[in-house]
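Asker: Build me a structure from this.
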Amino acid sequence: MTPATFSTGRVQVNKTIAELRDLGKAARLKVPFEQLGAYTPTNRDANQMMDRVRQLLIPELLPERTQRMGASAFAFFRGTAELMEADLGAQPDSTISTFTCGDAHIGNFGFYASPERRLLFDLNDFDEAGINPWEWDLKRLLVSVLLAGQANGFKDKKLKQFLPTVVASYRKSIKKMFEQTTLNRFYPTNEVEKLVQDSALDEDNSNLLTAIVGRANKRDSEQVVRKFTTLDIRGNLCFRENAPRTTHVDDDFTSHIAAYFSAYRQTLRPDVNLLLSQYHITDVVRHSVGVGSFGSRCYLLLLTSIDGSHLVLQVKEALPTRRQGSKEATRITVALEQTEGQRIVDCQKILQSASDPFLGYFAGTEQSFYVRQFRDMKESIDLTQLDWDQFQTYANTCAWTLAIAHCQSPTAAMIRGYLGSGKSLDEALANFAWAYAEQVQADYQSFISYRLA
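Answerer: Residues are numbered from 1 along each chain as shown. A predicted model of the protein is given here:
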């Protein structure tokens, strides 16, 4: 049986904004803020769930993945989306579903180029994306803010006072989005300068912003070629080996690269597909990145144009969400993975203010994949280098941006109704973050004892 295509039907509506807001208010009466902010531990074996996810990954890369996750509680949190999603599924929820990132921690936001070559700030990881209660994203962001702040050595007293303002930033952004028309909400401009202006951020952080813009403008495919490639003994350009992270392999993907590249091109806009007809494949290498996704099948594809210039694409395995992968009955098969690439790409196009024109997908004989341009004006914040004021600015900007993404779903008007105008939600969700951070710390210590002892 062919798997069903990922569908947007669950978030389509046939009511007015006013009617949807009333439904949101009614949902608040059924699930008040205090209930949404409570956390009740669940009966699950964290190490067992993580082991099931590990079974989906490349065995030789697991030791380094373990080391990366063991670096701190925040690093562990980044690599274990399956645990929090399972725990959230056992808690009361707002009953309002929207398109969610699924892993909206503070490290999964960043800078990248729009098709018009403007620098944008937005969510940048969608492996866990899908349709879920809206607050799951916000709760994951809040917990990550707390853990990242603690890793930076910021005092708990400061963090306790700050967390409610992150929720407030989300609330204010939702409100501002609904001061606009439906079409204007569909065309949000997440240009860096406009985000700073709209969210009333402190201009004292302009030096940080200027440095980021400067670095991002230097990152393109030619810069990647200079950094990641060399000449082989025949004088041909190829990717530089750095095993096990970067290595040439002989597997299903590399053996069928021409056919897969052709299938990928069919999912692109006609103009982008035509553009790629001017390129040929020069080299392909397996290149692992990140924390949670480290160990999945991820490749770099070096393309050379008829004029001798280059384009580097990143090809990533589109695994089922890690919550699904952590279930005991799950067995990863070709049929199970077949539509995962489409899910990730569709969600990214919905949630981002503008998406990479090279974003596409294909199904292989053994796995499903999605494709994007590698490091095109992409830049991320090194959280460990932020001082307290910069950290606050960045966290609030992430919350503001998350709300813009959620407003791409027609059900967002229900979120607006649920939030209302009060501030009690801010404290309630901050309380959840503190309670859940204790769960993360307990899971982290268990992981350290289990894997690194």
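
Asker: mind listing the helices in the stretch 51-200 of the chain by residue range?
Answerer: Secondary structure of the stretch 51-200 of the chain by DSSP state H, counting those that start in this stretch: the helices cover 62-69, 73-78, 81-89, 135-151, 156-177, 182-186, 192-198.

Asker: What segments of the chain are strands?
Answerer: With DSSP state E as the criterion, the chain has strands at 97-100, 109-113, 119-123, 130-133, 229-231, 237-239, 246-247, 279-287, 298-305, 310-317, 360-363, 368-373.

Asker: Next, format those strands as CSV and append mean neighbour count.
Answerer: From N, CA and C alone the C-beta is placed, and that goes for glycine too. CSV is the format used below for the strands of the chain (neighbours: other C-beta atoms under 10 Å):
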stretch, mean neighbour count
strand 97-100, 25
strand 109-113, 22
strand 119-123, 24
strand 130-133, 21
strand 229-231, 13
strand 237-239, 19
strand 246-247, 16
strand 279-287, 18
strand 298-305, 20
strand 310-317, 23
strand 360-363, 23
strand 368-373, 24
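
Asker: Of all the ones you listed, which one is nearest Ile381?
Answerer: strand 109-113 (7.1 Å; C-beta to C-beta).

Asker: other SSEs contacting that closest one?
Answerer: When contacts are defined as 3 or more C-beta pairs under 8 Å, 6 or more residues apart in numbering; DSSP states H and E, strand 109-113 packs onto strand 119-123, helix 206-217, helix 388-406.

Asker: cutoff 6 Å now
Answerer: strand 119-123 (3 or more C-beta pairs under 6 Å, 6 or more residues apart in numbering; DSSP states H and E).

Asker: Run the angle between the strand it packs on and strand 109-113 for me.
Answerer: 140 degrees (axes from the mean of the first three to the mean of the last three C-alpha atoms, to 10 degrees).

Asker: Just the CA coordinates for strand 119-123, please, in PDB.
Answerer: Output of strand 119-123 as PDB, limited to C-alpha atoms (Å, rounded to 0.1, in the frame of the first residue of the first chain):
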ATOM      1  CA  LEU A 119      19.300  38.100   4.800                       C
ATOM      2  CA  LEU A 120      16.500  36.600   6.800                       C
ATOM      3  CA  PHE A 121      16.100  35.200  10.300                       C
ATOM      4  CA  ASP A 122      13.900  32.200  10.800                       C
ATOM      5  CA  LEU A 123      13.500  28.600  12.000                       C
END
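
Asker: and the angle for that strand with helix 135-151?
Answerer: Using the same axes, to 10 degrees, strand 119-123 lies at 100 degrees relative to helix 135-151.

Asker: what angle sits between strand 119-123 and helix 388-406?
Answerer: 80 degrees.

Asker: So which elements touch strand 119-123?
Answerer: Strand 119-123 sits against strand 109-113, helix 192-198, with contacts defined as 3+ C-beta pairs under 6 Å, 6+ apart.

Asker: how far does the shortest one sit from the chain's center?
Answerer: Looking back up the chat, that one is strand 109-113. Mean-position distance between strand 109-113 and its chain equals 11 Å (C-alpha atoms, centre = their mean, to the nearest Å).

Asker: that older thread, turn the strands of the chain into CSV, including mean pLDDT.
Answerer: Output for the strands of the chain, formatted as CSV (pLDDT from 0 to 100):
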stretch, mean pLDDT
strand 97-100, 96
strand 109-113, 82
strand 119-123, 86
strand 130-133, 95
strand 229-231, 80
strand 237-239, 85
strand 246-247, 90
strand 279-287, 95
strand 298-305, 94
strand 310-317, 93
strand 360-363, 94
strand 368-373, 93
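
Asker: got the ones you listed as a markdown table, with distance to Ala433 columns?
Answerer: Listed next are the strands of the chain as a markdown table, based on distance: least, C-beta to C-beta, whole Å:
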| stretch | distance to Ala433 |
| --- | --- |
| strand 97-100 | 17 |
| strand 109-113 | 17 |
| strand 119-123 | 19 |
| strand 130-133 | 16 |
| strand 229-231 | 43 |
| strand 237-239 | 41 |
| strand 246-247 | 36 |
| strand 279-287 | 34 |
| strand 298-305 | 31 |
| strand 310-317 | 29 |
| strand 360-363 | 34 |
| strand 368-373 | 31 |
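
Asker: of all the ones you listed, which lies closest to Ser421?
Answerer: Closest among the strands of the chain, once you apply C-beta to C-beta, is strand 97-100, at 20.2 Å.

Asker: Neighbouring strands of the closest one in the sheet, and parallel or not?
Answerer: Applying DSSP bridges to the sheet, strand 97-100 is found paired with strand 130-133 (antiparallel).

Asker: Quick one: residues in contact with the partner strand.
Answerer: Arg10, Asp93, Ser94, Ser97, Thr100, Gly102 (C-beta atoms under 6 Å, 6 or more residues apart in numbering).

Asker: same thing but 8 Å
Answerer: With contacts defined as C-beta atoms under 8 Å, 6 or more residues apart in numbering, strand 130-133 is touched by 10-11, 88, 93-100, 102, 321, 343, 347.

Asker: Got a ChimeraX select line for the buried ones in those?
Answerer: Only the buried members of the contacts of strand 130-133 enter the following ChimeraX selection, criterion being 16 or more other C-beta atoms under 10 Å:
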select :11,88,93,94,96,97,98,99,100,102,321,343,347
